[in-house]
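# using only what follows, build the 3D model:
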Amino acid sequence: MSTSVCESGELTPVDDAIERLLTLAPLAPSTQQIKLDQALGRVLACDIFSPVNLPAWDNSAMDGYALCAADLPAEGGYLCLAGRIAAGTEAATGLSSGQTMRIFTGAPLPVGADTVVPQERCRVYGQRIWCPPMRAGEHVRKQGEEVHQGQLLLATGKRLRAQELGLLAAAGLGHIKVYRPLRVCLLSSGDELRDPGDHLAPGQIYNSNRYCLAALLKGWGVEVHDYGVMADELAASRDALSLASSECDLLLTSGGVSVGEEDHLKQAIKELGRVDFWRLAIQPGKPLAFGDVAGKPWIGLPGNPSAALITALVVVRPFLLRTQGVTDVTPLPLLLPADFEWTQRNKRRQYLRARLSPGTDGQAQVTLHPRQSSAMLSAACWADGLAVVEREQLIDKGALVRFMSFAELMM
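Down below sits the predicted model:
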C-alpha cells in the first residue's frame, strides 16, 4: 500500500489538477450493443459510418410543382400538369419537356425534373400551371447533400443527445455499440448526517450532498450505487470503502478530507490504497482529494454543500466523462460583461454563483448572488451558472468575465 500525499502549504492550481486527473483516468468500461431508443446519454464505443446517402434521393423541400427549370421562359410560363407525387411514393413516369408534376414535401423528384416551384408562387388553370422563372436546383434537397454513404457520421467518444439519436435513426441504424455505464459508489462521511424526514438531534444536519451529488452523477450518465453514510471512525470507513471498491468502478465521497481530528477517511484510504493530492487552489472546495482504493479510482469532495457541488462540476465532471470514454470533456465558457466589481485579490480561483441578466444595451451580463458561502445551496438555486475569478484577479464593472453555464456543466 503506497501513499503519496501532497499536504504542503502549496496549493495545486485547478487546471493542473484536472489535467493530472485526466492522465490518470482508467480505460473506458466494456462495450454493449444496445437499441437506439435506449442510447440517450450513452457514449459511442466505435466510429459510425453512414450506410446510406442522406437524403437517399433528390426530393422536394416543400409543397409545389416539380419541373425542369430550362422549360420556363425568362418571364415565366405555362406547363402541363402530368401527375402527382406524394411523400412515400414515386412518379410512375418521368417528365417530358413542357410538363410539371404536383409534388409534396419529401417526395422524390421525377426523372427529368431539377427544380421545385412553391405552390404559392404558381397559378392553376385546370391542367395548365403557370410558374415563375426559376433557377435550376431551387427547393430541391439533393441526394447525399447532408451525408454521403460511407462518410463518418459520429466518432467514438461522442455522448449521444437527442439530435445524435435522430441522425442515427435517419441513417437507419437501430442498434449501436456504446460503453456500459460507469458504476460509481457514492459515500458520505459524518456522524452528524441524517436523511431528510428523520428526526434531528442537537448537532445533526440533513445529508444534502447525498441527493445533490447523486443527481449530478445520473445527469452525467453514470450508474449510481449509494452506500450511505460512513461513521466517523477508522474501522467503519475502511470497511465501507473496501466493500464499495469491490463492487464499483470508481468511488466518490463527500466530507472527511479536511484536517479535522474526526476526519478518518484519508487514513482509511492510505491503508487500502493511496492519496495523491488534496489541496486545490479553488474556492470553494480546497480540501479535495484523489487516489485509489484497492486499485479503483477515488475522489474525495469537501463536505460543505456548495463546495461539494462546485468541485464536482468543475473537477469531477471531466474525469468521470473521460472515464466513460467521452472525448471532449472541457466545457466552453462564455465571455460576458460583469455587472459587479471584484476588489479583493484571492490566492485561489473563485467560482461564484451567478446568473445572467439583461444590461441596458440588451446584452447579457453576469450578476452575482450576494452570498457566496461554501455552506449555502440557495445561491446555486438562484444562479444560472458560475462566474470565474482567477487567482489575484480584480474585476471592474463591465469587464469581460468567464461564465460557465449550469446547463452545460450538468450534462
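# what's near enough to touch V14?
Residues in contact with V14 (Cβ atoms under 8 Å, 6 or more residues apart in numbering) are L280, A281, I282, V314, V315, R349. From N, CA and C alone the C-beta is placed, and that goes for glycine too.
# which one (most neighbours) among these?
L280 (26 neighbours; other Cβ atoms under 10 Å).
# for that one, what are its contacts?
L280 neighbours (Cβ under 8 Å, 6+ apart): L11, T12, P13, V14, A17, K286, L288, T311, V315, R348.
# counting contacts, what elements does the lowest-mean-pLDDT helix or strand in the chain pack onto?
Ranking every helix and strand in the chain by mean pLDDT, DSSP states H and E puts strand 273-277 at the bottom, with a mean of 84. Packed against strand 273-277 by the contact rule (3 or more Cβ pairs under 8 Å, 6 or more residues apart in numbering; DSSP states H and E) you find helix 14-24, strand 289-293.
# follow-up on the earlier one: now the contacts of L280: which count as buried?
Applying 16 or more other Cβ atoms under 10 Å to those, the neighbour count classes L11, T12, V14, A17, K286, L288, T311, V315, R348 as buried.
# nearest to F406, of those?
Nearest to F406 among these: T311, at 14.6 Å, using Cβ to Cβ.
# isn't the closest one up against P302?
Yes. Counting by Cβ atoms under 8 Å, T311 touches P302, with 6.5 Å between them.
# which residues are in contact with both of the two?
Contacts common to T311 and P302, judged by Cβ under 8 Å, 6+ apart, are P284, G285, L288.
# pLDDT check: weakest of those?
For those, the model is least confident at L288; its pLDDT is 84.
# returning to what we had before: can you redo the contacts of L280 as TSV with distance to Q372?
Formatted as TSV, the contacts of L280 follow (distance: Cβ to Cβ, whole Å):
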residue	distance to Q372
L11	19
T12	22
P13	21
V14	17
A17	21
K286	15
L288	18
T311	15
V315	18
R348	13
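# these two touch, right, R349 and A387?
No. Using Cβ under 8 Å as the test, R349 is too far from A387 to be in contact (11.2 Å).
# now P181: closest residue in space, sequence neighbours ignored.
Nearest residue to P181, sequence neighbours excluded (Cβ to Cβ, 6 or more residues apart in numbering): E223, at 4.2 Å.
# next, the one you found: phi, psi?
When read as degrees, to the nearest 10, the backbone of E223 gives phi -90, psi 110.
# what's the neighbour count on it?
By the measure other Cβ under 10 Å, the count of residues near E223 is 14.
# where do the helices of the protein begin and end?
Assigned by DSSP state H, the chain shows helices spanning 14-24, 162-170, 208-219, 234-247, 265-272, 305-311, 317-323, 378-382, 406-409.
# out of those helices, nearest to E392?
Between E392 and these, the tightest spacing by Cβ to Cβ is seen for helix 14-24, at 14.0 Å.
# report the angle between that closest one and strand 273-277.
Angle, helix 14-24 to strand 273-277, by axes from the mean of the first three to the mean of the last three Cα atoms, to 10 degrees: 150 degrees.
# what pLDDT, on average, does helix 14-24 get?
93.
# from now on call the first residue 7
With 7 as the first residue, the last one maps to helix 20-30.
# just give me the closest of the buried ones among the contacts of L286 to P57.
Among the buried ones among the contacts of L286, and counting by Cβ to Cβ, the member closest to P57 is V321, at 40.2 Å.
# wait, that closest one sits on D21?
No. Here V321 lies out of contact with D21, judged by Cβ under 8 Å, at a distance of 10.1 Å.
# mutual contacts of those two, please.
Residues touching both V321 and D21 (Cβ under 8 Å, 6+ apart): none.
# how much space separates C128 from M68?
According to Cβ to Cβ, to the nearest Å, C128 and M68 sit 12 Å apart.
# ok, P79 next?
Counting by Cβ to Cβ, the separation of P79 from M68 is 23 Å.
# out of the two, which sits in the more crowded spot?
Applying other Cβ under 10 Å to P79 and M68 shows that M68 carries more neighbours, namely 17 against 8.
# return the residues in contact with the more buried one.
By Cβ under 8 Å, 6+ apart, the contact set of M68 is T111, V122, P124, Q125, H145.
# retrieve the pLDDT associated with the residue nearest to the fourth one when sequence neighbours are not counted.
Closest residue to Q125 in three dimensions, ignoring its sequence neighbours and counting by Cβ to Cβ, 6+ apart: G70, at 4.6 Å. If you check G70, the pLDDT there is 97.
# verify the stated contact: G70 with A113.
No. Applying Cβ under 8 Å as the test, G70 and A113 come out as separate, 10.3 Å apart.
# wait, V395 touches N352, no?
Yes. With contact defined as Cβ under 8 Å, V395 and N352 form a contacting pair (7.1 Å).
# how about low-confidence regions in this structure?
In the predicted model, the chain carries pLDDT under 70 at residues 7-15, 264-269, 283.
# so who does Q125 touch?
M68, D69, G70, Y71.
# and which of those is nearest T333?
The nearest member of these to T333, counting by Cβ to Cβ, is M68 at 37.7 Å.
# against P32, how distant is that closest one?
From M68 over to P32 (counting by Cβ to Cβ), the distance is 51 Å.
# got the contact list for A237?
Contacts of A237 were listed using Cβ under 8 Å, 6+ apart, and they are D197, S243.
# what angle do the least confident helix or strand of the chain and strand 295-299 make?
Using the same axes, to 10 degrees: strand 279-283 against strand 295-299 is 160 degrees.
# circling back: what's the closest of the buried ones among the contacts of L286 to Q330?
V321 (15.8 Å).
# that closest one and L193: what is the separation?
Going from V321 to L193 by Cβ to Cβ gives 18 Å.
# repeat for C218
Counting by Cβ to Cβ, the gap from C218 to L193 is 14 Å.
# do the same with G70
Remark: distance between G70 and L193 (Cβ to Cβ) = 63 Å.
# now V117
Using Cβ to Cβ, V117 is found at 68 Å from L193.
# looking at these two, which is more packed in?
The neighbour comparison of V117 against L193 (other Cβ under 10 Å) goes to L193, with 25 against 11.
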